[in-house]
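> Everything below, folded, please.
(chains A and B)
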2 protein chains.
Amino acid sequence: MDNPRLHPKFISSFKLLGKPWTWLIICVVLTGKRRFSDISATIPRISDKMLVARLKELETAGIMERHVYPETPLRVEYELTEKGRDLKTVIDQVQQWANTWLEDLRFVR
Amino acid sequence: MDNPRLHPKFISSFKLLGKPWTWLIICVVLTGKRRFSDISATIPRISDKMLVARLKELETAGIMERHVYPETPLRVEYELTEKGRDLKTVIDQVQQWANTWLEDLRFVR
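Numbers count the residues shown, from 1 in each chain, chains lettered A, B, ... in the order given. Below is the predicted model of the structure:
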């Protein structure tokens, strides 16, 4: 059986999406525009530094948009683009898989 | 708008699956039983040390099985369990998303 070839698009999507925290951030913002503090409060144990880096990557990749409102104090909100919202089908599938298979949570520290 | 709550099962599935290389390893073994060297040869730039660690995690999580054949030299093959094969639907969705949105690969280094 010869080795399968992984399509470059496939590798690059998992390079982007296969990073720790990325999926959880997308899940939180999937529910609507969120402030940095909202996202940070919803994801246990994510550092601000990590969240800043992941949000930047997602913005660069065109998955996330950053809205700045010229108020005092300045208001900044994050929102998924259409490209980002289209990941909902992937997240739904993971949710379904988790419901089917993940009765015992202890194996994941 | 109050903050969404992420279900613990959801967080733990992305903790396990949201690690670099994990998805690509699952994709390779989804095509059938594979030896370590096959998997390593198919995924560009993954180190042996990383591949050993990820395979161990996937085995512990019940997603991967390791078959040892008492031959000379010893033959070892990896295979997805039913739980692992059930991730195909997630992978198919990512493939679909990548085909729709990832025309420009340069943004992902």
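
> all contacts plus neighbour counts: C-alpha atoms, from now on.
Will do.

> What residues does residue A:35 make contact with?
Residue A:35 is in contact with A:76, A:77, A:78, counting by Cα atoms under 8 Å, 6 or more residues apart in numbering or on different chains.

> mind checking how far it is from residue A:75?
8 Å (Cα to Cα, to the nearest Å).

> quick one on the thing from earlier: in CSV, list the contacts of residue A:35 along with pLDDT and distance to residue B:43.
Converted to CSV, the contacts of residue A:35 look like this (pLDDT from 0 to 100; distance: Cα to Cα, whole Å):
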residue, pLDDT, distance to residue B:43
A:76, 92, 39
A:77, 96, 37
A:78, 97, 33
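
> Now narrow the residues you listed to whatever sits close to chain B.
Filtering these for proximity to chain B by Cα under 8 Å from any Cα of the partner chain leaves nothing.

> Go through these and say which is closest to residue A:65.
Nearest to residue A:65 out of the contacts of residue A:35 is residue A:78 (Cα to Cα; 5.7 Å).

> Verify the contact between the closest one and residue A:31 for me.
No. Between residue A:78 and residue A:31 there is no contact, the gap being 11.1 Å when judged by Cα atoms under 8 Å.

> Those two: who's more crowded?
residue A:78 (19 against 14; other Cα atoms under 10 Å in any protein chain shown).

> Kindly indicate whether the residue nearest to that one when sequence neighbours are not counted is helix, strand or coil.
Nearest residue to residue A:78, sequence neighbours excluded (Cα to Cα, 6 or more residues apart in numbering or on different chains): residue A:66, at 4.7 Å. On the three-state scheme (DSSP: H, G, I helix; E, B strand; the rest coil), residue A:66 is labelled strand.

> For chain A, which residues score under the pLDDT cut-off?
A:1-6, A:103-109 (pLDDT under 70).

> And the helices in it?
With DSSP state H as the criterion, chain A has helices at A:8-17, A:22-30, A:36-42, A:48-60, A:82-85, A:88-101.

> Just the buried positions in the first one, please.
Okay, so that is helix A:8-17. By 16 or more other Cα atoms under 10 Å in any protein chain shown, the buried positions in helix A:8-17 come out as A:9, A:10, A:11, A:12, A:13, A:14, A:15, A:16, A:17.

> got it, and the second one?
Neighbour-count burial for helix A:22-30, with 16+ other Cα under 10 Å as criterion, is recorded at A:22, A:23, A:24, A:25, A:26, A:27, A:28, A:29, A:30.

> Of those residues, which ones also sit close to chain B?
Among the buried residues of helix A:22-30, chain B is touched by A:22, A:23, A:24, A:28 when using Cα under 8 Å from any Cα.

> possible to save these as JSON lines with distance to residue B:71?
Formatted as JSON lines, those follow (distance: Cα to Cα, whole Å):
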{"residue": "A:22", "distance to residue B:71": "43"}
{"residue": "A:23", "distance to residue B:71": "42"}
{"residue": "A:24", "distance to residue B:71": "44"}
{"residue": "A:28", "distance to residue B:71": "50"}
